[in-house]
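[1] no FASTA, just this:
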């Protein structure tokens with residue numbers, strides 16, 4: 001497809017160069033220059049494109065032409081005039097029709113080359129849309145890391161549109177912008193929260209596991225009775241991720257607090273708070289929007305049978321490796337500057353990809369000093385302290401809302417840490433944030449209904465291992481064969497009385 005486009009642009013270029021040149025003072029001459037520049041740009045002949053862009057700007061000094069020349073300078077490795085051109089483009093725009101593309105190019109350029117001082121003088125119209133949220137993310141990270149916090153005020157007037165191409169991926173950033181737009185402290189709040197998100201995401205990506213590269217087998221232990229709901233012959237069934245409130249380890253989440261304590265602060269989930277009402281003191285409980293699925297690479301293991309396999313009477317379900325995704329697009333690479341006059345329907349971004357389910361490896365905390373992403377943890381600890389100092393100056397209602405965002409960000413990594421006593425579990429987790437869960441309506445005997453979400457892909461298994469204490473495996477196997485969703489059925493040979 002790319003080669004076909006290259007051939008097409010080459011043919012267009014040949015036709016333009018062989019055709020008579022219109023008079024220089026005519027619109028046809030300007031149109032020819034635009035077409036030549038477009039062909040050179042797409043053929044990556046940037047030096048020739050630059051010549052066209054400079055002549056275009058000498059004829060028509062529009063915001064779009066100023067931007068396009070800046071892009072061309074960047075593509076040719078010439079930086080001396082780029083920021084000035086972006087500033088001129090933005091300042092010459094009509095107030096009621098600002099270009100998100102030019103604005104995105106300015107923020108991206110500032111973040112890449114750290115040209116803060118000159119950028120601060122740019123006069124900006126309020127922005128109701130930006131070409132992607134990842135540009136804001138990178139701009140915030142650069143401003144925070146370089147202590148150029150006041151430069152981030154360039155983003156103060158942004159209201160992110162739902163039409164942003166990466167809105168699903170970075171929805172929390174849109175939420176942060178929307179909820180802080182009326183606050184006096186919005187610049188620092190946004191900067192701190194986005195930087196917190198960036199460092200949490202870096203840790204999450206560091207725990208990401210490629211099971212195909214490592215040739216791991218991944219399993220889930222459960223009761224035999226659950227097979228009737230996990231596998232059905234004529235209907236799809238789905239793996240459930242349950243709310244973190246139901247984790248079996250009482251230290252869940254607290255290990256993360258202990259780890260951060262080593263870096264200057266202590267965090268705890270804000271799911272409870274002390275309250276007083278009508279003269280009574282009590283604990284008020286909230287809940288997390290984080291949902292987790294737990295899996296293991298410890299296959300047919302006695303400790304796992306005892307703890308998770310119904311005392312050896314359960315089963316071990318081994319997934320096809322293709323059931324899990326290899327990567328989740330958390331952060332994009334730095335994008336190229338965009339030239340608005342050259343965007344066509346062919347350049348439109350694809351629709352949002354389907355939900356992805358990546359396995360993240362649990363880190364068993366024995367020596368915090370050896371944790372490989374401790375730099376990010378140090379930044380998180382620092383940001384958390386800065387946020388707390390800022391929240392102390394704010395209205396109580398706003399504080400409660402911002403605290404929810406802090407917990408939502410940290411919950412993405414909070415449950416990737418456990419005590420070394422659990423290292424035998426060799427655990428991997430799928431972690432998702434959801435504000436519209438399902439409810440199991442109390443299907444468990446004697447239990448309060450549990451909240452969950454479903455992984456949106458049908459269940460099939462490479463193998464089902466029946467536990468060493470399953471008394472009649474021959475009575476279980478026929479149903480599993482009947483579903484046609486299990487390739488192999490075996491029984492554990494572990495001696496377990």
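    Perfect, thanks for sending it. Since the structure is predicted, the reported quantities are computational estimates derived from the model, not experimental observations. Residues are numbered from 1 along each chain as shown.

[2] Could you find the closest non-adjacent residue to residue 259?
    residue 368 (5.4 Å; Cβ to Cβ, 6 or more residues apart in numbering). (C-beta placed from N, C-alpha, C; glycine too.)

[3] Pull the contacting residues for that neighbour.
    258, 259, 262, 374 (Cβ atoms under 8 Å, 6 or more residues apart in numbering).

[4] Just among those residues, which is most surrounded?
    Compared across the contacts of residue 368, residue 259 has the highest neighbour count, 20 neighbours, by other Cβ atoms under 10 Å.

[5] quick one: average pLDDT of the lengthiest helix in the chain?
    Ordering each helix of the chain by length in residues (DSSP state H) puts helix 186-207 first. Helix 186-207 shows an average pLDDT of 94 in the prediction.

[6] If you count contacts, what does it end up packed against?
    Using 3 or more Cβ pairs under 8 Å, 6 or more residues apart in numbering; DSSP states H and E as the contact test, the elements touching helix 186-207 are helix 133-145, helix 171-180, strand 360-361, helix 374-391, helix 396-414.

[7] outside of the next helix or strand after that helix, which residues touch it?
    Using DSSP states H and E, the helix or strand that follows helix 186-207 in sequence is helix 211-214. For helix 211-214, the surrounding residues in contact (Cβ under 8 Å, 6+ apart) are 218, 321, 324, 326, 359.

[8] how close does the last one get to residue 238?
    Residue 359 sits 17 Å away from residue 238, taking Cβ to Cβ, to the nearest Å as the criterion.

[9] Those two - which one has more neighbours?
    Set residue 359 next to residue 238 and count neighbours by other Cβ under 10 Å: residue 359 wins out with 24 against 13.

[10] ok, now which ones touch the more buried one?
    Counting by Cβ under 8 Å, 6+ apart, residue 359 has contacts 208, 209, 211, 218, 295, 324, 428, 429, 430.

[11] So what's the residue count around the nearest residue to residue 145 once chain neighbours are set aside?
    Spatial nearest neighbour of residue 145, chain neighbours left out: residue 195 (7.9 Å); criterion: Cβ to Cβ, 6+ apart. For residue 195, the neighbour count with other Cβ under 10 Å is 24.

[12] what do you get for residue 326?
    With other Cβ under 10 Å as criterion, residue 326 counts 15.

[13] I'd say it and residue 210 touch.
    Yes: applying Cβ atoms under 8 Å, one finds residue 326 in contact with residue 210, separated by 5.3 Å.

[14] Point out where the stretch 351-497 of the chain drops to low pLDDT.
    351-353, 442-446 (pLDDT under 70).

[15] repeat that for 80
    Low-confidence segments of the stretch 351-497 of the chain (pLDDT under 80): 351-354, 435, 441-447, 497.

[16] Next, please give the residue ranges for the strands of the stretch 301-450 of the chain.
    Taking DSSP state E, counting those that start in this stretch as the test, the strands found in the stretch 301-450 of the chain are 315-319, 360-361, 363-364, 417-418, 427-433, 438-439.

[17] closest to residue 490 out of these?
    strand 315-319 (9.3 Å; Cβ to Cβ).

[18] The closest one - contacts with which helices or strands?
    Using 3+ Cβ pairs under 8 Å, 6+ apart: strand 315-319 touches strand 219-222, strand 461-466.
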